[in-house]
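# no letters, just coordinates:
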């Protein structure tokens, strides 16, 4: 998949510099909220875009699609197992043994301020196991009103409402406050996708509150050529609220709450659908601001989240055996993050602890005979605690070094007797409790010399096996049609990462960017054939058991060029290429083929147009050894327009466009079981901010 | 005091308050009574008290500690009233099974004998000549069924409990009925249970725990022991191989021949899914056959059998049905 660069509303401006001190080239961010966010990445569809579409804007990211909902982010060609996802630093774990619910599916675009990605091992402080990268979904908080500072987060020109408050705020604050309602709605013709959202924010100097409700509904979409893709519908309801109170001038209490419920979600790539995927996410944090030569802020957050996921095959025709497959996940945790700076150092110190419970079972109902029951995740309790430190050192001559490290310890206990005894059949004498130590360390160097910006980085990190990899039980994988059994005797996987990037900006109108990273894995975890075991799922090819292979390599590279041809016209071109190899030098599965995108952006005052072509080359290096089939090349054309205007104090943004203009029938390498992508899709949406 | 208050107040208070007061008084009386009982409970020197048993010392009977062990065990089984009797008016003989009833296939049977006078368990007695007899009403003949060789002490900590088993070839139906007989001798007295009719339940669908095979003119029976105790995971599988006797109205005792039984557990509802590392049943010193069976989930498991003689020749099962599996099998539904 391609990575679309942002459209700058003012094309003549140079590319945004990394304004946040801790930002380095390995950090990417997509802004979700509406309003003015000049020079930052955002979805061409604006806030109405799905969370998945927003994530797709990030560099290094692809998405695995099993339907039109709940796509799985893949970072640097590594999926959920090797990617950390947090919501405002909170750990949350998906509840479906078939990965139908990546945790990003439990938030809604309207909940978010932005999504940030730390590529590779230099993860955010709360992340663990982030070999491929770490995503943090930053919640949209109205923030407190400060004096005389533009509110960038909500796009308001008056007073500031920035929750990352400026330490040296004035003590003479007016007691005024404001309330901002905001409405969004969108429609997509293909699949009759409807999006409705309303939210409002209230801010004063000592208190803020914002909240909203969002609803999405889609019917089956049509693939290129017009054929309907059955079981691709979904429906989602989301509500959120954020509250903040300034207890004293530099003492801030913040609470967040999200309720998210998807229902009637179809998964055309799988044998089952979902009747309910429900999450409840909440946190309470205390933030201390300092007026101190060294200390900046200290935030401590406690959180809890709970997910219930219910699969459903009752609407499918020709079901061999009807089955119930519910899953549950709950997580509770705390983190405490201290930010300090002294001289050229910006230091972050973080302690975190979380406890997660995962339970899933399966009951199959053969006609007339006794039901068959198995525990597929044996109520695994994971207690993980770690300490992370990072230091960004600004050196003379526009040089910067970022160092980061984390060490974490993890205890796991299998709380379900039946699940433990079943897995013991395959691992006689296995214990019901495990302990792991994992860690990571990374260093990045950045230098700017004339028109060049150079980045070099290296790191080492390890991860513990996931619950599926260690204790999963007969989890059918429709990708290769094998039943997977976890292996409690897996060793930790580790990897060495090296990365480099060069940006050459010979003029403010022209820039070239070359970026490459490589991951050298040891004890890479992947399913391995176990011929002596018999498949459980009717129609499955056989059984695989997770195992460590001695080594593996993943290499990613991209090239981007951007040219501001005229004040109102710019061109962007991008090519990505990746290679994945196992210990036998055979291709790893789900590695992107050569991908390219080229786009032309036109901007006339408040009216913008983007025309783009993107595509993949034929997937030459597919992995037949791992059950992958070859994906053909494709190219599609998209047209997008946007018009912004004001009407009686209301800011309106109208967007309209056509995706897959030529109605091509295609699927990408990351479309699970090669389910076809959407055919021609006309969309229109409007955001109103008062 | 309480009562006086109650009587005095009742005329003034309304009905609901009356109810509350009555409840309070009732509770008070209940607590008082209960407290009194607790205070009076037997704090004898052993600290062991068993309801209905006089634990005074008696050489024929259990010590307090032994009796407690027996008593505890008997809470896990249920009495079979038809098979219980008295001997000489001095002893009660009780028979037990897991459920207090019998079903087709293997059933554990336990006996205890108590002195009528004290209710304590007698340590030494003999149960002999257990004879289950099926009368086939329509076919007009009778036959017995596989049983344990003898009734023996259950285990060292519960020597007053005797254990045996019967494996019933069929359930009671319009076609036939079962009668049980056995002899008892206890401390010089003898007694007998003679041809008591016993109801034998059928097993539910998906349970088939008793199979037979023939070698020449001999018929052998494969009785699977208590598969209802299995759970998902690794289980010990136990069975007995009995030989049809002649005449067939005498009980069928364990076969003297030595066999091995290969097992291949399959789930017919799941495309004949199987489990790994199952261990062949081999003959133990006590005459039973033991192996290991792994069950990956609940549901119907069809355990296909291949019986081999001491030389390793297949003597039963091991053939290929249409689905490729042995026609000799037990069915167990977890």
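Looks like it came in fine. Everything numeric here is computed off the predicted structure, so don't read it as measured data.
# where in the chain is pLDDT low?
In the absence of a named chain, this looks at chain A. Across chain A, the stretches falling below the confidence threshold (pLDDT under 70) are A:1-25, A:34-39, A:147-177.
# not quite, I wanted chain B
B:1-46, B:321-322.
# can you list the domains in it?
B:2-40, B:64-201, B:210-333 (automatic domain parsing).
# of all those, which one is nearest residue A:463?
With C-beta to C-beta as the measure, domain B:210-333 is the member of the domains of chain B nearest residue A:463 (28.3 Å). C-betas here are computed from N, CA, C, even on glycine.
# please state the offset of that closest one from the chain centre?
A distance of 20 Å separates the C-alpha centroid of domain B:210-333 from that of its chain, computed with C-alpha atoms, centre = their mean, to the nearest Å.
# against residue A:437, how distant is residue B:115?
With distances defined as C-beta to C-beta, to the nearest Å, the gap from residue B:115 to residue A:437 amounts to 65 Å.
# in a markdown table: the domains of chain B, plus mean neighbour count and distance to chain A.
As requested, these are exported to a markdown table (neighbours: other C-beta atoms under 10 Å in any protein chain shown; distance: least, C-beta to the nearest C-beta, whole Å):
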| stretch | mean neighbour count | distance to chain A |
| --- | --- | --- |
| domain B:2-40 | 11 | 36 |
| domain B:64-201 | 18 | 17 |
| domain B:210-333 | 18 | 3 |
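# now those in TSV, with distance to residue A:53?
Shown next, in TSV, are the domains of chain B (distance: least, C-beta to C-beta, whole Å):
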stretch	distance to residue A:53
domain B:2-40	64
domain B:64-201	62
domain B:210-333	40
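# so which of those domains comes closest to residue A:326?
Minimum separation from residue A:326 across those (C-beta to C-beta) falls at domain B:210-333, 15.9 Å.
# so who does the residue of the stretch 251-400 of chain A found nearest chain B touch?
The stretch 251-400 of chain A approaches chain B most closely through residue A:372 (3.0 Å), counting by C-beta to the nearest C-beta. Contacts for residue A:372 were tallied using C-beta atoms under 8 Å, 6 or more residues apart in numbering or on different chains; they are A:363-364, A:366, B:267, B:269-270, B:297-300.
# all helices of chain B, in order?
Using DSSP state H, the helices assigned to chain B run over residues B:2-10, B:15-40, B:64-74.
# thinking again about what came up before, relative to residue A:425, which of the domains of chain B is closest?
Of all the domains of chain B, domain B:210-333 sits nearest to residue A:425, with 4.2 Å by C-beta to C-beta.
# name the nearest residue to residue A:510, sequence neighbours excluded.
For residue A:510, ignoring the flanking residues on the chain, the nearest one in space by C-beta to C-beta, 6 or more residues apart in numbering or on different chains is residue A:563 at 5.2 Å.
# kindly report the same for residue B:299.
Nearest residue to residue B:299, sequence neighbours excluded (C-beta to C-beta, 6+ apart): residue A:372, at 3.0 Å.
# so what's the nearest residue to residue A:181 once chain neighbours are set aside up against?
Spatial nearest neighbour of residue A:181, excluding adjacent residues (C-beta to C-beta, 6+ apart): residue A:200 at 4.5 Å. For residue A:200, the residues meeting the contact criterion (C-beta under 8 Å, 6+ apart) are A:179-182, A:210-212.
# in its sheet, what does the helix or strand harbouring residue A:435 sit against?
The secondary structure element spanning residue A:435 is strand A:433-449 (assigned by DSSP states H and E). Paired with strand A:433-449 in the same sheet, following DSSP bridges, are strand A:399-414 (antiparallel), strand A:452-463 (antiparallel).
# buried ones in it?
If you call a residue buried by 16 or more other C-beta atoms under 10 Å in any protein chain shown, then strand A:433-449 has these buried ones: A:434, A:436, A:438-446.
# likewise stretch A:281-296?
A:281-283, A:285, A:287, A:289, A:295-296.
# residues in contact with residue 221?
Let's take chain A. Contacts were defined as C-beta under 8 Å, 6+ apart; by that measure residue A:221 touches A:68, A:190-191, A:228-229, A:232, A:678-679, A:681.
# that's the other chain; I wanted chain B
With contacts taken as C-beta under 8 Å, 6+ apart, residue B:221 has the following neighbours: B:146, B:167, B:169, B:210-212, B:240-244, B:252.
# any idea how far it is from residue B:211?
The span separating residue B:221 from residue B:211 equals 7 Å under the rule C-beta to C-beta.
# same thing with residue B:184?
In this view, residue B:184 and residue B:211 are 32 Å apart by C-beta to C-beta.
# try residue B:237
Here residue B:237 is placed at a distance of 14 Å from residue B:211 (C-beta to C-beta).
# that older thread, looking at the buried residues of stretch A:281-296, spot the one nearest residue A:412.
Distance to residue A:412, by C-beta to C-beta, is smallest for residue A:281 among the buried residues of stretch A:281-296, at 23.1 Å.
# residues in contact with that closest one?
A:87, A:90, A:92, A:106-107, A:256-260, A:303, A:305.
# please apply the same query to residue B:295.
Contact analysis of residue B:295 by C-beta under 8 Å, 6+ apart lists A:425, B:230-233, B:235, B:265, B:275, B:301, B:334.
# alright, I will stop here.
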